[in-house]
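**Student:** I'd like to go over a predicted model; first the sequence, then the structure.
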Amino acid sequence: MKCVIIFDHTNDVIYSKYDEKFIEHVKIFARNQGLITGEESEICANVLVQIFSPIVTSHRIMNCQFGNSYTSIQCQKDINLTFEDYMGYLFMYVSNDNSFTMAKYLSVCVTLARYVCGPNILILKTDENKANLMTRLIDTWNYLTLNDQAIFIEAIEQLLVNVDLTKTTVQILRESVDKLQNLTEYTKIHGLLMVNNKFLGLYSTQKAKDLSSADILFSILLCEINKNEPKDNSEILNNSSHEILLSGNDQTPKCIPYNIYIREICENINLVFFIETGSAVVSGSLYDAFSNLHSMQLVQIQRNVSTLKPAFENLDNSIKKLFEAIKKLKNVSLKGCIENLGGVWEFMRKKYQEFIKNRSPEALLRAESLTCGLLDGLKELLVLITINGTVLLNDTVFLEHLGECTNWVCEKLSSYEDFLKVKSLKNFTLGSNTSSLTIHKYLEEFPGLVHFIYVDRTNHRITAPGIDFNTEEIVVLTRNKIWSMIKFAQLHLNEGHTSIIWKDMTFSYAYFLWFEDVSGSPLKPTVSPMHFNRSLPIPGTFCDDYYRHLKEACFPKMPPQKIRCYELYTIHLGLVTTQCVLEHTRRLSATIWELKGHPDHPIDLL
């Protein structure tokens, strides 16, 4: 049973997605409560509101009035509910899974909604295309996490090719991005090549904000969706364009408007262009204004001056920064919206100051009455500053230039297509006679090793062999065992354990997380992860970079960029001793670079 529902501040349903088991369960419950009659095949939003409104109201009261909302509820028949709040919208997930799995899944749904809608989730109720994209993204995430170990651990698999081909790929991307930059007015562009969901190469213009691993994971979802689009008979192979798609990571604003173009240059090889179509400074300031307004709405219910004053100051500062950033754009089309927004805020600002100074209930009520007007003004501004993306979709000249660049890339990569497609299906395999001699010889040095997953959490790149589950030597190793190993390790990592070895009847499993400085020397945390594990996000990178937070918490006096973090999962035959597992772990971590065979940073290849 699975169901995701998003409620607005009035407890109305603005988006829902559920499976057949949930429908059947709710229909039985609704009939018993007299909410429906007959044999309705669908559940209307009104029924969902009536069923869940008491729980949602309770959650909001606990959150707003006491600042102590619950994150999950356990119900009868092994049904669990998990909650997460984003910009005043309450996301709820109903399932039979455990609370850890549910919390992680719901965070993914929130992140997908942020990519699709930015801070204005209400768009999902008014824009059918956005709602459909949201649904397809969730379905695609579900599919990939069940079938791709890299996506399951929220990392990016690097396609292992020789250094010459890697260099050639980056050079092609560089020239294509430069061509597009010279032919159009846009100077902030990323060019990305993916082969069967594996990362091949990336090149970015100098002014473009760095893409996070979450951005690349999101582009993988879009490529998978694009792959399933019906093909036409035109000369240009399948294309997909997406616009109000917002990007960013913890080092950059979380509200950067992008146009994302995907061209399947041949089967399972995708060229992706990220084109920044708005101001990152304005977008970031606008995102902060939405966030601080939401915080203000939460604290003003409590009528506590000590908490309301800093919330007001944060909101005031974010709106000032927003107005200053917009002035620098000199965009005439924004003038009317800014004047209206400024008028509303100036009146609200005076009333908040009056309440802080005199504790006048009337002043606070007047300020609260204008909250919806301020929020509507921010939403209108969000549409206006991201409208360039929509314009691009109808700009025939720009699309023509884009076609020229993608055709050029297709031509340059044509001689490598077959090799890349074959390589992506079997990046390398443990004990496979079809592997290169170097890899085969390398893996022979680890007798008893069945599978491993190595992740560089500095850039979230994964190196792991593919597995042919039909081969006799590993016929007892199943996908479920690998996925269960990862879940088990992440659950214990969430509790602060960074080294674990355990066994079942067939295999011996191990998980290690460690830190190094930029020279490769080991670093011992100055603060144990056991001390703060509950304050960190759930392990992963798509929703929030857990590993960045972990580095900051373990090394509070060191800049995170000077700390490297690594993970290693191993599966050995059960007869292998613990000492052997430890020895293999050390040797794998020390020599894994032999498999990669090229630098991690694209600039080293130019």
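**Tutor:** Arrived safely.
**Student:** burial check on V305, number of neighbours?
**Tutor:** 14 (other C-beta atoms under 10 Å). Using the backbone N, CA and C atoms, a C-beta is placed for each residue, glycine as well.
**Student:** what pLDDT does the most centrally placed residue in the chain get?
**Tutor:** Against the mean C-alpha coordinate of the chain, by C-alpha atoms, centre = their mean, the closest residue is F542 at 3.0 Å. If you check F542, the pLDDT there is 92.
**Student:** which strands or helices does the helix or strand hosting I453 pack on?
**Tutor:** Assigned by DSSP states H and E, I453 belongs to strand 449-456. When contacts are defined as 3 or more C-beta pairs under 8 Å, 6 or more residues apart in numbering; DSSP states H and E, strand 449-456 packs onto strand 461-463, strand 563-573, helix 578-591.
**Student:** what pairs with that strand, parallel or antiparallel?
**Tutor:** In the sheet, strand 449-456 lines up against strand 461-463 (antiparallel), strand 563-573 (antiparallel) (DSSP bridges).
**Student:** just so I know, which of those lies nearest N331?
**Tutor:** Nearest to N331, of all the strands paired with strand 449-456, is strand 461-463, at 39.2 Å by C-beta to C-beta.
**Student:** now the element after the closest one, going C-ward?
**Tutor:** helix 479-494.
**Student:** domain ranges for this structure, per the record?
**Tutor:** Annotated domains of the chain cover 2-107, 157-278, 281-385, 426-605 [automatic domain parsing].
**Student:** most tightly surrounded among those?
**Tutor:** domain 157-278 (a mean of 19; mean count of other C-beta atoms under 10 Å).
**Student:** sticking with H59, tell me its helix or strand.
**Tutor:** Going by DSSP H and E, H59 is part of helix 45-64.
**Student:** report the distance from stretch 586-594 to the chain centre.
**Tutor:** 29 Å (C-alpha atoms, centre = their mean, to the nearest Å).
**Student:** just to revisit the earlier point, the domains of the chain: which one's closest to L399?
**Tutor:** Of the domains of the chain, nearest to L399 by C-beta to C-beta is domain 157-278, at 8.6 Å.
**Student:** where does this structure dip in pLDDT?
**Tutor:** Confidence mapping of the chain against pLDDT under 70 gives the ranges 38-42, 67, 230-243, 245-255, 387-394, 426-443, 467-476, 533, 594-606.
**Student:** was I right about the residue nearest to the centre of the chain contacting V108?
**Tutor:** Yes - in this structure F542 lies within contact range of V108 using C-beta atoms under 8 Å: 6.1 Å.
**Student:** before we move on, the earlier item: make TSV out of the helices and strands packed on strand 449-456 and add distance to S369.
**Tutor:** Formatted as TSV, the helices and strands packed on strand 449-456 follow (distance: least, C-beta to C-beta, whole Å):
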stretch	distance to S369
strand 461-463	52
strand 563-573	49
helix 578-591	60
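**Student:** for T406, find the nearest of these.
**Tutor:** strand 461-463 (25.6 Å).
**Student:** what does that closest one contact?
**Tutor:** For strand 461-463, the surrounding residues in contact (C-beta atoms under 8 Å, 6 or more residues apart in numbering) are 149-150, 153, 155-158, 160, 199, 453-456, 592, 595-596, 600.
**Student:** how about 10 Å then?
**Tutor:** With contact meaning C-beta atoms under 10 Å, 6 or more residues apart in numbering, strand 461-463 is reached by 149-151, 153-158, 160, 198-199, 213, 427-428, 452-456, 567-568, 588, 592-593, 595-596, 600.
**Student:** after the helix or strand encompassing L365 comes which helix or strand?
**Tutor:** Assessed by DSSP H and E, L365 sits inside helix 361-369. With elements assigned by DSSP H and E, the helix or strand that comes after helix 361-369 is helix 371-385.
**Student:** tell me the bridge partners for F274.
**Tutor:** H190, I260.
**Student:** that one and D210 touch, don't they?
**Tutor:** No - counting by C-beta atoms under 10 Å, F274 stays clear of D210, with 11.0 Å between them.
**Student:** what is in contact with the two at once?
**Tutor:** H190, L202, S204.
**Student:** which one is the second one nearest to, not counting chain neighbours?
**Tutor:** This means L202. Residue nearest to L202 in three dimensions, not counting chain neighbours: L192, with 5.1 Å by C-beta to C-beta, 6 or more residues apart in numbering.
**Student:** do the same with G278
**Tutor:** P257 (3.8 Å).
**Student:** just say helix, strand or coil for the one you found.
**Tutor:** Taken by DSSP: H, G, I helix; E, B strand; the rest coil, the conformation at P257 corresponds to strand.
**Student:** so it touches G118, yeah?
**Tutor:** Yes - taking C-beta under 10 Å as the definition, P257 is a contact partner of G118 at 8.3 Å.
**Student:** secondary structure element for L200?
**Tutor:** Applying DSSP H and E, one finds L200 within strand 198-204.
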